[in-house]
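Peer 1: fold the following.
(one chain, ligands or ions: 1)
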Amino acid sequence: MKEENQHIGKVILAGAGPGDPELLTVKALRYLQKADVVITDRLVSDVILQEYVRKDALIIPVGKQCSKGASTPQSDINDLLVEHANRGKLVVRLKGGDASIFSNILDELRTLAAHGIPYEIIPGVTAALGAAAYAGIPLTARGYSTAVRFLTYYKKEALHESYWKDLAQTDDTLVFYMSSDPLDQLVEKLLQYGIGADKWLAVIEQATTPLQNVYNCPIHDYLPAARGSHYTSPTLIIIGKVAALQVPFQWMASSGSKENYFAPVAPKAADNTLKRYVYADSAEA
Ligand code: SAH
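Peer 2: Below is the predicted model:
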């Protein structure tokens, strides 16, 4: 038993930042330069994979894109972590933004713990922070908001009336991840529960990338002006008084482009993931 454990590798669960490759932490960069295997999400800049990863490392994309019905099952991702770590490899599990925020890290932690595989967690710049900074929105500007909430309306569960009321009435800045598809309903709900006319809504597409676009208006003006809009993935929504500050403080022009910075997940790619990627030095190659 003991001898087997000597060959156990290690898994680094790292955030890659929201898009701009320079938002990667130095620590994540150092591990990427050493890693034998990089298991990566879709929302990770190609530049990071092309330029910062060892040329002979194995890169395994395990993207999920639920809106396109394409995804690598979480159990496959768990299996990959175990398989490569048990071969004694240094594995970086690279996730968009921060490693923990709205991610499946808990499944992966449970798997690693259950198999006795050592791991580290390296934080990353989450999309809320990247998008806010690159749009020029100070999330908790003094006099505007004293707190910020990271939320999602993705599951469209029947949320309790008191929850909506609280969201509509609070002065906290609201940041919604994975919520651009049901944005019209989200705005309707907040209006229904009396959100103030001084609240603005900023939609930030492909934040921190050269293709970033920001759309911004008072929340009461959104539906007449933009109902039914489609946004390029990934999109983040910031609601609150602070969103109005984007107008005087934006420092990066919108690209005006609808092109994808992150390649969409190929619908069938997931099926082949496990079989297609084998080590160059392995007998299975
Ligand atoms: N762990 C990630 C979030 C994963 S959930 C993080 O910490 O950022 C995926 C959602 O994050 C997307 O649907 C979108 O709402 C948001 N997101 C991620 N990258 C983004 C980007 N570059 N621009 C805008 N939103 C982004």
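
Peer 1: and Val91, what's its pLDDT?
Peer 2: With respect to pLDDT, Val91 has a value of 98.

Peer 1: can you check the one 10 residues further on too?
Peer 2: What the model reports as pLDDT for Ile101 is 98.

Peer 1: from Leu236, how far out is it?
Peer 2: 11 Å (CB to CB, to the nearest Å). For the C-beta atoms, the positions are set from N, CA and C on the backbone; glycine is no exception.

Peer 1: could you pull out the helices for the stretch 101-250 of the chain?
Peer 2: Ranges of helices in the stretch 101-250 of the chain, per DSSP state H, counting those that start in this stretch, are 105-114, 127-135, 161-169, 183-192, 219-226, 246-249.

Peer 1: can I get the fourth one in PDB, CA atoms only?
Peer 2: What that stands for is helix 183-192. Presented in PDB, the C-alpha positions along helix 183-192 are these (Å, rounded to 0.1, in the frame of the first residue of the first chain):
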ATOM      1  CA  LEU A 183     -32.700  38.200 -18.200                       C
ATOM      2  CA  ASP A 184     -36.200  39.600 -19.300                       C
ATOM      3  CA  GLN A 185     -37.900  37.600 -16.600                       C
ATOM      4  CA  LEU A 186     -35.300  38.600 -14.100                       C
ATOM      5  CA  VAL A 187     -35.900  42.300 -14.800                       C
ATOM      6  CA  GLU A 188     -39.700  41.800 -14.800                       C
ATOM      7  CA  LYS A 189     -39.500  40.200 -11.300                       C
ATOM      8  CA  LEU A 190     -37.300  43.000  -9.900                       C
ATOM      9  CA  LEU A 191     -39.700  45.700 -11.400                       C
ATOM     10  CA  GLN A 192     -42.700  43.800 -10.000                       C
END
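
Peer 1: quick one: buried residues of it?
Peer 2: Within helix 183-192, the residues that count as buried by 16 or more other CB atoms under 10 Å are Leu183, Leu186, Val187, Lys189, Leu190.

Peer 1: nearest to the ligand among the helices of the stretch 101-250 of the chain would be which one?
Peer 2: The ligand sits nearest to helix 127-135 of all the helices of the stretch 101-250 of the chain, at 3.3 Å, using CB to the nearest ligand atom.

Peer 1: contacts made by that closest one with the rest, please.
Peer 2: With CB atoms under 8 Å, 6 or more residues apart in numbering as the test, helix 127-135 has contacts from 17-20, 23, 96-97, 101, 137-139, 148, 150, 175, 177, 202, 204, 207-208, 212, 214, 216, 234, 236, 238, 246, 250, 252.

Peer 1: ok, and of those, which contact the ligand?
Peer 2: Among the contacts of helix 127-135, the residues lying close to the ligand (CB under 6 Å from any ligand atom) are Pro18, Gly19, Gly96, Gly97, Ile101, Tyr177, Ile204, Ala207, Thr208, Pro234, Leu236.
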